[in-house]
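# model the structure of this input:
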Amino acid sequence: MHEDDSPDPFGYKSHRTAVCEACGKRLPTESDPAIVWGHSLDGQGYSAYCEPCAGKLPVKVVARVVPGPDPALRRPAPRPPTPRSPAPRAPGPPLPAPPSPQKSPAPSQPSAVAHVSITDAVADRIRGTLYGQAIGDALGLGTEFLSKSDVAAYYPNGLSDYEQIVGDEFRSRWYRGDWTDDTDQMLCILDSLLEHRGVVPADIAERFFTWACDDGLGMGFTFEAVVYAPEFLSDPHAAARRLWELGGRRSAANGAVMRTSVLGVWDLGDPEKVRRNAESVSRITHFDPRCVASCVAASLAIAALVGGATVESAIGAAAESAESYQAGLGDWLAAAGTRSLEELDLDEGLNPGESDTIGYTLKALGAGFWALSQAASFAEGVVRVVNEGGDGDTNAAVAGALLGARDGFSAIPGRWVSGLVYEGDLRERVERLLSVL
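Next up, the predicted model:
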């Protein structure tokens with residue numbers, strides 16, 4: 001297999017260029033704009049092909065992707081559902097026209113939010129959840145894809161503020177204080193909830209597709225492969241399941257748990273609806289039961305905490321439900337209070353001789369539950385997780401959401417709130433959410 005961006009084409013990084021496995025042509029080109037991903041000729045793993053070779057060879061196609069312009073070269077103009085940088089967008093090759101989506105199913109209820117008294121304390125914890133996610137994401141960008149030893153070299157005194165984030169080739173694609181794909185996708189879900197007053201998977205899928213076409217900066221390969229699958233807009237769950245099965249049912253990336261926080265504050269007071277919502281939205285792109293269990297566990301824990309439950313009871317509820325999706329996960333979550341952060345090995349795969357597991361969904365979930373159980377404050381938990389390296393933005397986004405649900409918005413350092421580049425966008429959405437709960 002040959003490609004330029006990563007040794008693992010079904011891993012966790014977005015692929016904008018590749019080399020055809022059969023003819024060696026660098027992709028994309030003006031005449032061959034698509035990168036066709038499929039089973040390699042030896043049947044092991046995935047490889048990239050140009051369109052002509054994929055048509056001639058017995059390649060089982062997994063996804064056909066027409067990459068947009070290199071995100072390092074542009075930031076898109078603001079447009080719904082997730083406004084971004086005001087910088088002008090550079091032109092790029094056109095994306096394929098999407099298939100016509102089936103009619104979106106209506107929510108089960110016109111107003112899908114269970115009746116809960118939104119006291120000042122509950123509202124503070126709802127704000128804390130969504131701001132906590134965005135802040136963890138924005139600060140965690142500073143250590144994304146760095147080993148713990150690299151983090152120490154980049155930040156000798158530790159990373160604790162946006163302005164410290166180094167402007168290397170990877171990180172310079174974002175402004176300091178900007179969140180990444182984790183929060184962009186969470187906002188796609190939130191926008192859909194606000195419009196439909198309930199979880200409508202087809203609408204969320206369409207918003208994911210629009211975001212991927214218009215921005216897509218930082219999206220993982222699992223997400224990218226699924227949203228560009230031919231059947232995605234007509235049946236996203238089927239697309240996600242097909243790609244998961246073609247991958248040997250092995251891929252369990254963290255791209256769903258990173259965005260699930262908002263589903264913990266919707267349908268408050270009805271844990272069964274929270275569970276169903278988290279399950280359904282995970283399966284739009286991430287079908288593996290470990291991914292689904294991670295989303296359900298994080299969402300249920302957030303719902304319990306926002307409602308005023310203790311940390312112990314929130315973890316207990318999350319563990320009990322997660323066990324039904326993945327045997328042994330319940331006990332693993334229940335032990336979050338005794339497991340050290342070092343045991344999670346969040347940078348596994350970034351050190352010599354290690355297999356790449358930094359983007360594994362249970363690492364992100366483990367980081368979040370460690371912070372929830374053991375961090376004395378919001379700031380301590382986020383900073384500790386960020387400085388472990390690995391998939392720093394996702395780990396800290398999950399940790400930040402759980403800590404925000406526990407401690408509330410009032411416990412978040414003000415400089416982290418005011419330093420968010422798009423804080424106004426987030427504030428407007430959160431206040432709209434509170435107005436309909």
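
# list the contacts for the closest residue to Leu305 other than its chain neighbours?
Nearest residue to Leu305 in three dimensions, chain neighbours excluded: Ala405, at 3.9 Å (Cβ to Cβ, 6 or more residues apart in numbering). C-beta: built from backbone N, CA, C; applies to glycine. Each residue near Ala405 by Cβ atoms under 8 Å, 6 or more residues apart in numbering is listed here: 125, 128-129, 132, 261, 264-265, 301-302, 305-306.

# hmm, which of the residues you listed are the buried ones?
Buried members of the contacts of Ala405, counted by 16 or more other Cβ atoms under 10 Å: 125, 128-129, 132, 261, 264-265, 301-302, 305-306.

# and the helices in the stretch 301-437 of the chain?
Counting by DSSP state H, counting those that start in this stretch, residue ranges of the helices within the stretch 301-437 of the chain are 311-323, 329-334, 341-344, 361-374, 378-386, 392-407, 414-418, 423-436.

# so which of the ones you listed gets nearest Ala54?
Shortest distance between Ala54 and those, using Cβ to Cβ, is found for helix 361-374: 30.0 Å.

# about what we covered before: any idea which of the buried ones among the contacts of Ala405 is closest to His196?
Closest to His196, out of all of those and judged by Cβ to Cβ, is Val265, at 16.0 Å.

# next, that closest one: phi, psi?
Dihedral angles phi and psi of Val265 (degrees, to the nearest 10) take the values phi -110, psi 0.

# would you tell me which helix is longest in this protein?
Of all the segments of type helix in the chain, defined by DSSP state H, the longest one is helix 120-140.

# tell me the helix or strand right after that helix.
Downstream of helix 120-140, the first helix or strand assigned by DSSP states H and E is helix 148-154.

# pLDDT on that following helix, on average?
Helix 148-154 comes out with an average pLDDT of 97.

# which secondary structure elements does that helix sit against?
Packed against helix 148-154, as judged by 3 or more Cβ pairs under 8 Å, 6 or more residues apart in numbering; DSSP states H and E, are no other helices or strands.

# buried ones in it?
Buried residues in helix 148-154, counted by 16+ other Cβ under 10 Å: 148, 151, 154.

# closest one of those residues to Arg339?
Of all the buried residues of helix 148-154, Lys148 has the smallest distance to Arg339: 16.9 Å, by Cβ to Cβ.

# I'd like the buried ones among the contacts of Ala405 as a markdown table, with pLDDT appended.
Shown next, in a markdown table, are the buried ones among the contacts of Ala405 (pLDDT from 0 to 100):
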| residue | pLDDT |
| --- | --- |
| Arg125 | 98 |
| Gly128 | 98 |
| Thr129 | 98 |
| Gly132 | 98 |
| Ser261 | 98 |
| Gly264 | 98 |
| Val265 | 98 |
| Ala301 | 98 |
| Ile302 | 98 |
| Leu305 | 98 |
| Val306 | 98 |
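
# turn those residues into JSON lines, including distance to Asp356.
JSON lines is the format used below for these (distance: Cβ to Cβ, whole Å):
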{"residue": "Arg125", "distance to Asp356": "35"}
{"residue": "Gly128", "distance to Asp356": "33"}
{"residue": "Thr129", "distance to Asp356": "30"}
{"residue": "Gly132", "distance to Asp356": "27"}
{"residue": "Ser261", "distance to Asp356": "25"}
{"residue": "Gly264", "distance to Asp356": "29"}
{"residue": "Val265", "distance to Asp356": "33"}
{"residue": "Ala301", "distance to Asp356": "27"}
{"residue": "Ile302", "distance to Asp356": "29"}
{"residue": "Leu305", "distance to Asp356": "32"}
{"residue": "Val306", "distance to Asp356": "34"}
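
# from Ala239, how far off is the residue found closest to Val166 once you drop the neighbours it is linked to in the chain?
Among residues not flanking Val166 along the chain, Tyr154 sits closest, at 5.4 Å (Cβ to Cβ, 6+ apart). Separation of Tyr154 from Ala239 (Cβ to Cβ, to the nearest Å): 38 Å.

# ditto for Leu146
Remark: distance between Leu146 and Ala239 (Cβ to Cβ) = 32 Å.

# okay, now the domains of this protein?
As assigned by automatic domain parsing, the chain contains the domains 1-67, 120-436.

# please identify the deepest-packed of those domains.
Mean neighbours per residue, mean count of other Cβ atoms under 10 Å, is largest over the domains of the chain for domain 120-436, with a mean of 22.

# picking that back up, ranking the domains of the chain by mean pLDDT, which is last?
Ranked by mean pLDDT, these bottom out at domain 1-67, with a mean of 62.

# end to end, how far does stretch 164-172 reach?
End-to-end span of stretch 164-172 (Cα to Cα, to the nearest Å): 12 Å.

# just to revisit the earlier point, so the residue nearest to Val166 sits against Leu146, correct?
Yes - under the criterion of Cβ atoms under 8 Å, Tyr154 makes contact with Leu146 at 6.4 Å.

# check the spacing between the nearest residue to Gly136 once chain neighbours are set aside and Ser324 real quick.
Nearest in space to Gly136, with sequence neighbours left out and distances taken as Cβ to Cβ, 6+ apart, is Gly400 at 2.7 Å. Applying Cβ to Cβ, the value for Gly400 to Ser324 is 27 Å.

# Ala375 too?
Distance, Ala375 to Ser324, by Cβ to Cβ: 28 Å.

# alpha carbons of stretch 27-37, as CSV, please.
C-alpha atoms of stretch 27-37 as CSV (Å, rounded to 0.1, in the frame of the first residue of the first chain):
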residue,chain,number,x,y,z
LEU,A,27,-4.1,11.4,-6.8
PRO,A,28,-6.1,13.4,-7.2
THR,A,29,-5.4,14.9,-10.7
GLU,A,30,-7.5,17.1,-12.9
SER,A,31,-8.4,14.1,-15.1
ASP,A,32,-8.8,11.7,-12.1
PRO,A,33,-10.2,13.8,-9.2
ALA,A,34,-11.5,10.8,-7.2
ILE,A,35,-9.6,8.6,-4.7
VAL,A,36,-11.2,5.2,-4.7
TRP,A,37,-10.6,3.3,-1.5
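
# and it, how far out from the chain's middle?
Chain-centre distance of stretch 27-37: 27 Å, with Cα atoms, centre = their mean, to the nearest Å.

# with stretch 365-382 instead?
18 Å.

# cool, and stretch 209-219?
From the chain centre to the centre of stretch 209-219 is a distance of 12 Å (Cα atoms, centre = their mean).
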